[in-house]
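*Asks:* okay, structure incoming, though there's no sequence with it:
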């Protein structure tokens, strides 16, 4: 039966019109509200080249990290956490892909992950979970990796945006071929032993850069008497700018958010802020260690002492800026619904005649990094002693975001965050920068930590180090001074067998058919 | 009313070169080098720039082959070659500007010889500075002056020789003609590199 629209019906329908108009916005807002309440935010901070050995949080005698000590009081502190690689590219790729370096293949200097890993990354997991994903780094090597994952990042902030100088042209001139253009730019402008790739333009560029650097250094001389923090001596920055921006992101970013921020300090050069210079002019002397035959340098103990002092001052600067961020997050109540993760991509060798991390040595100074995680609203400290690795962070975050652990992921969920502290688990770190990306790894240093023991295996370096290993008991000998490989051959052989079998299994994937 | 005096028909150097008071644009045009002169100077500019780009690239090459695919390695070679082409054109442009702004008898009349001498000698200095990674921008006046005087002398003496002995210009031109084929190959590579860079960035 047909009934015509009455005047009353018309008025009722008219009254509904505004509701219909606002419906999409209401649905969206309610979605955001439920997402906000259901899913925690994740703020992931990586401070480059931070060795756990140099943090008071991990027992270092100097008070280098008072703010992290404060943070640790309300967080889970992982005492046996190891990086996947010995420098930025492999160490960061292990974090972001949750896969071993020999699987994702970012082991060369300026290395990137294998093509199949470009969509196997942390950001993709959070994309599936409906997170707003934001990233920033000062470090060009990390920028290369983040660029590979760019399709999965909502907001990729360029390196230059939070730097005082802007030297890279690849990301704005060749955005669609960034990896290759960037590799050429960095290699031929900075790392080439034969000099810059351009005869005349490089000189013009140098004049411009030097003058710019001089002007900025003079401007900030009061705050940074040793010069400004810099990335490869070209990109000047101050950590304060990045921290300010992260504060803004933490308070204003769309919820739920996942922020990955990889900041360069305390990486060399140790251009710390004025207030930290001389802070560690004390009589602390580390236990002397013999110069290793594979060390590429041979600094003596007095030189090492100066390097350590300057490094510690830089660690204190990074810690102070972390403290500023932490206080803000506390004050704003952001930590009530946010996981705050603090870690590093690798450590720093300032012992055995070596300074730096681009070497073949895998002692604790370089492999052991901090991992401190506070859960939303956490009010007590929890200590985890069992060995964990960088590859464990991705599956843990997937678990926290309510996502399944991807089948390609090689890590485990971290203890106290859904996983269990099990004995007999092996954690690996590798340095294989001289190998071809698409070939089996034949020249490398690999360390394996299992319970209290650590095996360091050297392969393909020629002579004694063509195939040799060192074994340490980390519980009794945390400074790795007594090699047990000769005194306990059965244990050394067992661990070596396991390590080589793992490497062989990884290599088999890359053998020519 | 006094009649205007007729323009004197003196054969000044400017008038010989075709300059008149009535056609400023035409005057400008005669200051530009001819096509053959321009090509010769492009050859001179490319002669040091391309080999240097290739030389430095070969140092970097092992680092690329361990981690990149074949297409990416071609890409890594294309960027320096494309920039070498741009750098050569940039240098050529500088010399053309010099030719336009300097008195004709000082530069335009010896365009090929002077430009060649300047670019080759400057390249040697730049190659040395690049190889040793000398940051002369950070030097003070006392550090800068001696090499600057040496550089100026190394340019000025050959220029004086060119002005003194006209035969030198012919020798330079002949030398450029002989290397032209090789340099055209460089320029061809540079053009291919530009195309590859464009394809990779589409």
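*Replies:* Thanks, I have it. Quick caveat, the model's predicted, so the values are computed rather than measured. Numbers count the residues shown, from 1 in each chain, chains lettered A, B, ... in the order given.

*Asks:* any figure for the gap between the closest residue to residue A:290 other than its chain neighbours and residue A:484?
*Replies:* Using C-beta to C-beta, 6 or more residues apart in numbering or on different chains and skipping the chain neighbours, the partner closest in space to residue A:290 is residue A:352 (6.6 Å). Where C-beta positions appear, they are placed from N, C-alpha and C, glycine not excepted. The gap separating residue A:352 from residue A:484 is 18 Å, by C-beta to C-beta, to the nearest Å.

*Asks:* what about the two, which has more around it?
*Replies:* When residue A:352 and residue A:484 are compared for neighbours, residue A:352 comes out ahead with 22 against 18, by other C-beta atoms under 10 Å in any protein chain shown.

*Asks:* and that one, what are its phi and psi?
*Replies:* Here is the backbone geometry of residue A:352 (degrees, to the nearest 10): phi 60, psi 30.

*Asks:* likewise for residue B:107?
*Replies:* phi -130, psi -60.

*Asks:* for it, what are its contacts?
*Replies:* By C-beta atoms under 8 Å, 6 or more residues apart in numbering or on different chains, residue B:107 lies in contact with B:98-99, B:114.

*Asks:* what about residue A:261, which helix or strand?
*Replies:* strand A:257-263 (DSSP states H and E).

*Asks:* hang on, residue B:134 is in a strand, isn't it?
*Replies:* No - counting by DSSP: H, G, I helix; E, B strand; the rest coil, residue B:134 is located in no strand; its state is coil.

*Asks:* what is the least confident helix or strand in chain A?
*Replies:* Least confident helix or strand of chain A, by mean pLDDT, DSSP states H and E, is helix A:7-38 with a mean of 51.

*Asks:* which residue packs closest to residue A:185, ignoring adjacent ones?
*Replies:* Nearest to residue A:185 is residue A:170, by C-beta to C-beta, 6+ apart, at 5.0 Å.

*Asks:* just checking, that neighbour touches residue A:187?
*Replies:* No - with contact defined as C-beta atoms under 8 Å, residue A:170 does not count as touching residue A:187 (11.5 Å).

*Asks:* rewinding a little: who does whichever helix or strand comes after the least confident helix or strand of chain A touch, helix- and strand-wise?
*Replies:* The helix or strand immediately downstream of helix A:7-38 is strand A:41-47, counting by DSSP H and E. Secondary-structure packing of strand A:41-47 (3 or more C-beta pairs under 8 Å, 6 or more residues apart in numbering or on different chains; DSSP states H and E): helix A:239-252, strand A:257-263, helix A:301-332, strand A:338-343, helix A:393-400.

*Asks:* so where do the helices sit in chain B?
*Replies:* B:13-16, B:24-31, B:35-65, B:70-101, B:111-131, B:141-164, B:166-200 (DSSP state H).

*Asks:* can I get those in TSV with mean neighbour count?
*Replies:* Below are these laid out as TSV (neighbours: other C-beta atoms under 10 Å in any protein chain shown):
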stretch	mean neighbour count
helix B:13-16	12
helix B:24-31	12
helix B:35-65	20
helix B:70-101	19
helix B:111-131	20
helix B:141-164	12
helix B:166-200	15
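
*Asks:* how many other residues sit next to residue A:323?
*Replies:* 18.

*Asks:* same thing with residue A:197?
*Replies:* Neighbour number of residue A:197 under other C-beta under 10 Å is 28.

*Asks:* could you look up the SS state of it?
*Replies:* Going by three-state DSSP: residue A:197 is coil.

*Asks:* likewise residue A:275?
*Replies:* Following three-state DSSP, the label given to residue A:275 is helix.

*Asks:* run a quick neighbour tally on the residue of the stretch 51-200 of chain A found nearest chain B.
*Replies:* Closest contact between the stretch 51-200 of chain A and chain B, by C-beta to the nearest C-beta, is at residue A:195 (3.5 Å). Residues near residue A:195, counting by other C-beta under 10 Å, number 23.

*Asks:* same deal with residue A:237?
*Replies:* Other residues close to residue A:237 by other C-beta under 10 Å number 22.

*Asks:* relative to chain B, how far out is it?
*Replies:* Separation of residue A:237 from chain B (C-beta to the nearest C-beta, to the nearest Å) stands at 20 Å.

*Asks:* hmm, residue A:224 and that residue touching each other?
*Replies:* No - between residue A:237 and residue A:224 there is no contact, the gap being 10.7 Å when judged by C-beta under 8 Å.

*Asks:* roughly how far apart are residue A:207 and chain B?
*Replies:* Applying C-beta to the nearest C-beta to residue A:207 and chain B gives a distance of 4 Å.

*Asks:* quick one: that residue is in a helix?
*Replies:* Yes - counting by three-state DSSP, residue A:207 falls inside a helix.

*Asks:* could you check how many residues crowd around it?
*Replies:* Counted with other C-beta under 10 Å, residue A:207 comes out at 14.

*Asks:* out of everything not next to it in sequence, what's closest to it?
*Replies:* Per C-beta to C-beta, 6+ apart, closest to residue A:207 is residue B:137, 4.2 Å.

*Asks:* next, the residue nearest the centre of chain A: secondary structure please.
*Replies:* Note on chain A: the residue nearest the mean C-alpha position is residue A:345, at 3.5 Å, using C-alpha atoms, centre = their mean. Per three-state DSSP, the local secondary structure of residue A:345 is coil.

*Asks:* ramachandran angles for it?
*Replies:* Dihedral angles phi and psi of residue A:345 (degrees, to the nearest 10) take the values phi -90, psi -20.

*Asks:* who's in contact with it?
*Replies:* Listed by C-beta under 8 Å, 6+ apart, the contact partners of residue A:345 are A:46, A:48-49, A:83, A:85, A:87-88, A:91-92, A:95, A:142, A:262, A:369, A:390.

*Asks:* what secondary structure does residue A:455 sit in?
*Replies:* Under three-state DSSP, residue A:455 comes out as strand.

*Asks:* residues in contact with it?
*Replies:* Shown in contact with residue A:455 (C-beta under 8 Å, 6+ apart): A:447-448, A:469-471, A:492, A:495-496, A:499.

*Asks:* again, but for residue A:415
*Replies:* By C-beta under 8 Å, 6+ apart, residue A:415 lies in contact with A:384, A:386, A:388, A:421.

*Asks:* mind giving me the packing neighbours of the strand holding residue A:261?
*Replies:* Counting by 3+ C-beta pairs under 8 Å, 6+ apart, strand A:257-263 packs on strand A:41-47, helix A:122-128, strand A:132-137, helix A:140-148, helix A:239-252.
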